[in-house]
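Visitor: sequence unavailable; structure follows:
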C-alpha cells in the first residue's frame, strides 16, 4: 500500500539525490559511448577495449556512491517502509519527463537493495514492474538527433541516397572508394528486393548512431518496401592506410541475430533515448528479448532487471520443476535448469576435486574477465545475481540434495523459498559432446570445424580456454560453437607454450608419469590430442582442418603478435559475404586466404589469422 500523505521532510531530497546519482551514471556512460567514434577514427583499438572494460564498471561505482551519500546524509538504512514508499512516489514524479526512466527505475532498485535487507524487497518499495511508459518519448533538445532518420529515394536517386546515408555520420577519415562500396550495396539491395521494384512506400530508416565494437562500426537500419520490412547492417572497417571501406551488406533477421548475439561484446552506441533504440531494434529482430537488446547496448544492469521480470512471469505460467542439467557434471559448478526455460543456472561449489586448484574468488574473477572482454562470438554472456528466491516446491528433491551437499554456504531455506546467495545464468545450448553423439557425418564435420574455429577466435581475442574438452562447448541454434566454462581461462599472453621435452632415458619413455617440470601457466599443445581426439572420425576431421592447434608454434606466434600490440579482426558474418572477395581487393587489415570448407558446411565467419 502507498502512504496517504507525502509528509516526510526528507523523502523528496532522497528521491532527488537518487535521480542525480543516476543522471551522473548515464552522462558518463553516454560520453564514453559517444567517444567510440573518435577512437574508431584514430584506430585506437586498445583504447576501445579499455573503454569497454571501464564502462561496465561505471554502474556499480555510481550505485556505491549513491548508497554512501544516502547513508551519510539521510541514514537511509534506518528509514521506515512508509518513508521508502514516499521516496518511491517522489522518484516517479521526478521521472515524468525523463529520457531514460526505465534505466532510472533499475538504478533505484540497485541502490535500495544495497541498503535494505531482502525481507524489504517488496512490490511497494521496488520497481518490480515499470511505473512509467517508455513509449513515444520525445527529446526536444535542439542539439539532439532523432533516434533514426528516414530517407525516401526513388529508383533514380537510390545511389545518391545510399551515399548520403553513409556521409551523414560525419566520419572524418576518407573512404578507399565509396562509389565502389555503394555499387556493391545497391547490387545487394536490388537482389534482396527480388524483382528489384521499389513500391510506392519505399523508404530507408537508419539509426542515428553507428554501433561500435571491436574494430568495426556498424550502420544499422531497415528498408521499407510497401508492406515488407528488411533489416540491414553495413560494417565499416579500416584498411592498412587508415582509410575506410564498407565490408559487406548484411540482410535479414538471422544476420541481425548473429550481429547482436549473446556471445559477443556489448556495442558502444550514442543514445539519448535507449528505449527508442531498443524499440527500433525489436522491429528488426522481433524474436529477440528486450533484455538481450539492452545487454547488447551495454545497459546490462537493466537487461538483468528485464530478464528477471521475464523469469518471474515464466514461473507463474509454468509447472515443470528445476532439475540437474543434462550432461556431464562440472567439477566447480553445479548446473541446473528448468526444461521449459531456455537458460541454465550455475552455482559455484564449496569444494573441488584435488586437480582443481582454485577458489570461489578466482572463479568469480574469471567470469568478470569474460564480462569485460571481447567475446568475439565464442563466449556466452552471463547474468550474475545475488540472493535469488526460488519456490522450493518447483525443485526436484535430487537437485535440492545436490545443492545442500555441494553448495551449502550459498543456500538458505526461508519458508517456502530456497534462497541462492550467488549464481550465474546463461543461455542454454546443446553441449558439444552430446551433439556429436548423434550427429550425421556432415554435422560432425561442421561441428568439429566450428570447434577448432571457436578456439582460434578465442586465441585472436587473447583468450586461452584452459579446459578444451568438448563438454565445455555448446552448439547454438545457428550452428555456432560457443565456449561456456570459464574457470580455467587465461590470457594467451600470460601462458608459457612449451614442447614436451625429449625423454632422458628409456625409463622416462616407458613411464606413465610426467618426467619434466611443469609450471602453473605452462601449456603443452601436442598433449591435447589424447584428451580430445579419441574418436577416429573426429580425429580425422580435426587433423584435416585444425592440426595446427597441436603445434606450439601456432600458439606462440599468436602470443607474440598480441604481445606486440596487434588486435585481430573477428567478424560476426560469413567470409563469403565480404565485398572484397567478390572483387579480389585486399582491403582488410588481415589478408589471408579463406579457410577451406567441407562440402555443404556453413562458413562460420572466422577470419583466418
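Guide: Ah, there it is. Treat the numbers as computed from the prediction; the structure is a model and nothing was measured. Residues are numbered from 1 along each chain as shown.
Visitor: next SSE after the top helix by length along the chain?
Guide: The longest helix of the chain (DSSP state H) is helix 45-74. Sequence-wise, the next helix or strand downstream of helix 45-74 (DSSP states H and E) is helix 81-94.
Visitor: how distant is that following helix from the center of its chain?
Guide: 34 Å (Cα atoms, centre = their mean, to the nearest Å).
Visitor: for it, packing partners?
Guide: Counting contacts by 3 or more Cβ pairs under 8 Å, 6 or more residues apart in numbering; DSSP states H and E, helix 81-94 packs against helix 11-34, helix 101-115. Glycine gets a C-beta too; all of them are placed from N, C-alpha and C.
Visitor: try it again at 10 Å.
Guide: helix 11-34, helix 45-74, helix 101-115 (3 or more Cβ pairs under 10 Å, 6 or more residues apart in numbering; DSSP states H and E).
Visitor: follow-up on the earlier one: starting at the chain centroid, how far to the longest helix of the chain?
Guide: The answer for helix 45-74 is 19 Å, by Cα atoms, centre = their mean.
Visitor: could I get the full set of strands for the stretch 451-600 of the chain?
Guide: Using DSSP state E, counting those that start in this stretch, the strands assigned to the stretch 451-600 of the chain run over residues 463-464, 473-475, 481-483, 490-491, 496-497, 522-523.
Visitor: among those, which is nearest residue 569?
Guide: Closest approach to residue 569 among the strands of the stretch 451-600 of the chain (Cβ to Cβ): strand 463-464, 15.7 Å.
Visitor: contacts for the closest one, please.
Guide: 369-370, 373-376, 378-379, 455, 457-458, 483, 486, 488-495, 497, 521, 523, 555, 558-559 (Cβ atoms under 10 Å, 6 or more residues apart in numbering).
Visitor: circling back to that earlier point, buried set for the longest helix of the chain?
Guide: 45, 48-49, 51-52, 55-56, 58-59, 62-63, 66-67, 69-70, 74 (16 or more other Cβ atoms under 10 Å).
Visitor: can you check stretch 330-349 too?
Guide: 330, 332-338, 341, 343-349.
Visitor: what's the average pLDDT for that stretch?
Guide: Across stretch 330-349, the average pLDDT comes to 95.
Visitor: ends of it, how far apart?
Guide: 10 Å (Cα to Cα, to the nearest Å).
Visitor: and stretch 337-346, by the same measure?
Guide: 9 Å.
Visitor: could you do stretch 165-179 as well?
Guide: Stretch 165-179 has an end-to-end distance of 13 Å (Cα to Cα).
Visitor: which parts of that stretch are buried?
Guide: 165-166, 171, 175-176, 178.
Visitor: mind checking pLDDT for residue 438?
Guide: 89.
Visitor: cool, and residue 120?
Guide: 44.
Visitor: so who does the residue nearest to residue 238 when sequence neighbours are not counted touch?
Guide: Of all residues not flanking residue 238 in the chain, residue 43 sits nearest, at 5.6 Å (Cβ to Cβ, 6 or more residues apart in numbering). Shown in contact with residue 43 (Cβ under 10 Å, 6+ apart): 173, 215, 238, 242, 567, 589.
Visitor: can you do 8 Å?
Guide: By Cβ atoms under 8 Å, 6 or more residues apart in numbering, the residues touching residue 43 are 215, 238, 242.
Visitor: so how do I select the buried members of these in ChimeraX?
Guide: To isolate the buried members of these in ChimeraX, using 16+ other Cβ under 10 Å:
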select :215,238
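Visitor: Throw the contacts of residue 43 into TSV and include distance to residue 402 and secondary structure, thanks.
Guide: Shown next, in TSV, are these (distance: Cβ to Cβ, whole Å; DSSP: H, G, I helix; E, B strand; the rest coil):
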residue	distance to residue 402	secondary structure
215	44	coil
238	50	strand
242	56	coil
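Visitor: of the contacts of residue 43, closest to residue 575?
Guide: Closest to residue 575, out of all of these and judged by Cβ to Cβ, is residue 215, at 16.0 Å.
Visitor: residues contacting residue 251?
Guide: By Cβ under 8 Å, 6+ apart, the contact list for residue 251 reads 188, 192, 230-232.
Visitor: and what of residue 425?
Guide: 307, 343-346, 382-383, 385.
Visitor: pick out the most distant pair among these.
Guide: Taking Cβ to Cβ as the measure, the contacts of residue 425 span a maximum distance of 14.8 Å, between 307 and 346.
Visitor: quick one on the thing from earlier: which members of the buried residues of stretch 330-349 are the farthest-apart pair?
Guide: Every pair of the buried residues of stretch 330-349 checked by Cβ to Cβ; the farthest is 332 and 341, at 23.3 Å.
Visitor: report the residue ranges of every domain in this protein.
Guide: Annotated domains of the chain cover 11-120, 148-299, 318-428, 431-568 [automatic domain parsing].
Visitor: residue furthest from the geometric center of this structure?
Guide: Most distant from the centre of the chain: residue 506, at 51.0 Å, with distances by Cα atoms, centre = their mean.
Visitor: that older thread, what subset of the contacts of strand 463-464 is buried?
Guide: By neighbour count, with 16+ other Cβ under 10 Å, the contacts of strand 463-464 hold 369-370, 373-376, 378-379, 455, 457-458, 483, 486, 488-492, 495, 497, 523, 555, 558-559 as buried.
Visitor: could you check how many residues crowd around residue 396?
Guide: 14 (other Cβ atoms under 10 Å).
Visitor: look up how far residue 443 lies from it.
Guide: 32 Å (Cβ to Cβ, to the nearest Å).
Visitor: thinking again about what came up before, for residue 574, find the nearest of the domains of the chain.
Guide: domain 148-299 (8.7 Å).
Visitor: look up how far residue 461 lies from the residue nearest to residue 53 when sequence neighbours are not counted.
Guide: Distance criterion Cβ to Cβ, 6+ apart; nearest residue to residue 53, sequence neighbours excluded, is residue 372 at 4.2 Å. For residue 372, the distance to residue 461 (Cβ to Cβ) stands at 12 Å.
Visitor: neighbour count: the two, which is higher?
Guide: residue 461 (23 against 18).
Visitor: and that one, what's its pLDDT?
Guide: Confidence score, pLDDT, at residue 461: 92.
Visitor: the nearest residue to it once chain neighbours are set aside is in what secondary structure piece?
Guide: Nearest residue to residue 461, sequence neighbours excluded (Cβ to Cβ, 6+ apart): residue 376, at 4.6 Å. If you go by DSSP H and E, residue 376 is not part of any helix or strand.
Visitor: quick one: residue 376 from residue 261, how far?
Guide: Distance check for residue 376 against residue 261: by Cβ to Cβ, it reads 10 Å.
Visitor: mind listing what residue 217 touches?
Guide: Under the criterion of Cβ under 8 Å, 6+ apart, the contact partners of residue 217 comprise 37, 40, 171, 210-211, 235-237.
Visitor: hmm, 10 Å instead?
Guide: 36-37, 40-41, 169, 171, 209-211, 234-238, 244, 267-268.
Visitor: what of residue 208?
Guide: By Cβ under 10 Å, 6+ apart, the neighbours of residue 208 are 144-149, 168-169, 221, 269-272, 277, 280.
Visitor: among the buried ones among the contacts of strand 463-464, which lie within helices?
Guide: Of the buried ones among the contacts of strand 463-464, the ones assigned to helices by DSSP H are 369-370, 455, 457-458, 555, 558-559.
Visitor: now these as CSV including pLDDT?
Guide: Formatted as CSV, these follow (pLDDT from 0 to 100):
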residue, pLDDT
369, 91
370, 91
455, 95
457, 93
458, 94
555, 96
558, 94
559, 95
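Visitor: now, which of those sits nearest residue 99?
Guide: Looking across these and measuring by Cβ to Cβ, the closest to residue 99 is residue 370, at 31.2 Å.
Visitor: that closest one contacts residue 363, doesn't it?
Guide: No: contact criterion Cβ atoms under 10 Å: residue 370 and residue 363 do not qualify, at 11.3 Å.
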